[in-house]
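> How does the following fold in three dimensions:
(one chain, ligands or ions: 2)
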Amino acid sequence: MTTEILPRSLQRTDICACVGRGGFGRVYKEYQPLDDQYYAVKKIPIDEETAGRILSETRIMARLSHPSIVRYYASWIEKTDEPPDDDDDENDEEETRLVRQKSLVCLCIRMELCVGTLRDYMDGRSEDTRQSIEYWIQVLSGIAYLHQKGIVHRDLKPENVLIDAENRAKITDFGLARVLPTTEPTAGTPVGSALYASPEQRAGVAYGTETDIYSLGMILFELVYPSVTVMERLERVDRLKKDEEPVRLIDRAIRSMIGIPEKRPSARSLLDFFYSKGTGML
Ligand code: ATP
Ligand code: MG
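Ligands and ions are numbered 1, 2, ... in the order given. Reported below is the predicted structural model:
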């Protein structure tokens, strides 16, 4: 390593690999020689039109400190003349538009590096309901923290829950998150992922913190009842909703979370409930 003092813009870090990609950006594993640590750096192409919306992700992340929320370290804007390597071409319309403008300006967000996602766990798991519930309660505690700060995540899904090296679940991707101006539900635009977004969010009508409770309920449902097909999943959800009096406490909890918004429990009350019952829920 050189001891020459370089301006910050010239201090190199080593990008080791692309570790993930979503609708907005790519995430790279980065080595930082100055502190001898590995980080994750999310690079989101931006332009004048999108800058305001995209900067809210980093502004929200910077305010958060909780064991179930991915840790934020820094952010900066970077200009690259090279588009990122093309490994697949889906979802690339926005990127292509920006690349065509010759130079690509990215918002870079440095955060802690995790080893996988809850989706990877769901895809690869052998039946381990205890582990599933443990992860889910960790996510719930992160959501309770966010809601207490007046923040709604709005895009909770297994791909946005990371698993760290200590096997702890952590919420990430605050690209759609919003700070509620008051305790009143906020007027909405239809955003989020079809399977996990609440009906009111999909419809774009007013929604508040209870939209995250719906997503949490759907994630819990999927952890407890792994489904092979989307059809099978819809049928099972339907059955659960119609069931007069579900026997298992966990089924009752799921049902309350995916029911009508006004009757969904708060994250805090769910947390108290799950802590008091532990795996007795099963
Ligand atoms: P979306 O399509 O959900 O809007 P996005 O473009 O906003 O996604 P992220 O969800 O933040 O991007 O990240 C995309 C993927 O990159 C994640 O699903 C995960 O696989 C991987 N990833 C993100 N952050 C990290 C991290 N800190 N450590 C390891 N992998 C990560
Ligand atoms: Mg994501």
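
> element containing D251?
Taking DSSP states H and E as the definition, D251 sits inside helix 249-257.

> Can you mark which positions in the very next helix or strand once past that helix are buried?
Downstream of helix 249-257, the next assigned helix or strand under DSSP H and E is helix 267-277. The neighbour-count check on helix 267-277 (16 or more other Cβ atoms under 10 Å) flags 267, 270-271, 274 as buried. From N, CA and C alone the C-beta is placed, and that goes for glycine too.

> helix, strand or coil for M218?
Under DSSP: H, G, I helix; E, B strand; the rest coil, the three-state class of M218 is helix.

> How about it, nearest residue that isn't a chain neighbour?
Y196 (5.0 Å; Cβ to Cβ, 6 or more residues apart in numbering).

> And the helix holding D251, what does it pack against?
The helices and strands touching helix 249-257, judged by 3 or more Cβ pairs under 8 Å, 6 or more residues apart in numbering; DSSP states H and E, are helix 210-224, helix 230-242, helix 267-277.

> Deepest in the core, which of the ones you listed is it.
helix 210-224 (a mean of 24; mean count of other Cβ atoms under 10 Å).

> Show the average pLDDT along that helix.
Mean per-residue pLDDT for helix 210-224: 95.

> Dump the C-alpha coordinates for it into CSV.
Output of helix 210-224 as CSV, limited to C-alpha atoms (Å, rounded to 0.1, in the frame of the first residue of the first chain):
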residue,chain,number,x,y,z
GLU,A,210,-49.6,-0.6,8.3
THR,A,211,-48.5,-1.3,4.8
ASP,A,212,-45.2,-2.7,6.2
ILE,A,213,-47.2,-4.9,8.6
TYR,A,214,-48.9,-6.4,5.6
SER,A,215,-45.6,-7.2,3.9
LEU,A,216,-44.3,-8.6,7.2
GLY,A,217,-47.4,-10.8,7.4
MET,A,218,-46.8,-12.1,3.8
ILE,A,219,-43.2,-12.8,4.6
LEU,A,220,-44.1,-14.7,7.7
PHE,A,221,-46.7,-16.6,5.8
GLU,A,222,-44.2,-17.7,3.2
LEU,A,223,-41.7,-18.7,5.9
VAL,A,224,-44.2,-20.8,7.6
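
> and the angle from it to helix 249-257?
Computed with axes from the mean of the first three to the mean of the last three Cα atoms, to 10 degrees, the direction of helix 210-224 lies at 150 degrees from that of helix 249-257.

> Could you give the separation of helix 210-224 from the chain centroid?
From the chain centre to the centre of helix 210-224 is a distance of 13 Å (Cα atoms, centre = their mean, to the nearest Å).

> Show me what that helix is packed up against.
Against helix 210-224 (3+ Cβ pairs under 8 Å, 6+ apart) you get helix 118-124, helix 129-148, helix 199-203, helix 230-242, helix 249-257, helix 267-277.

> Run a quick neighbour tally on C16.
Per other Cβ atoms under 10 Å, the neighbour tally for C16 reads 12.

> any idea which helix or strand carries it?
Judged by DSSP H and E, C16 forms part of strand 14-21.

> Look up how far ligand 2 lies from F221.
Noted for F221: a distance of 20 Å to ligand 2, by Cβ to the ion, to the nearest Å.
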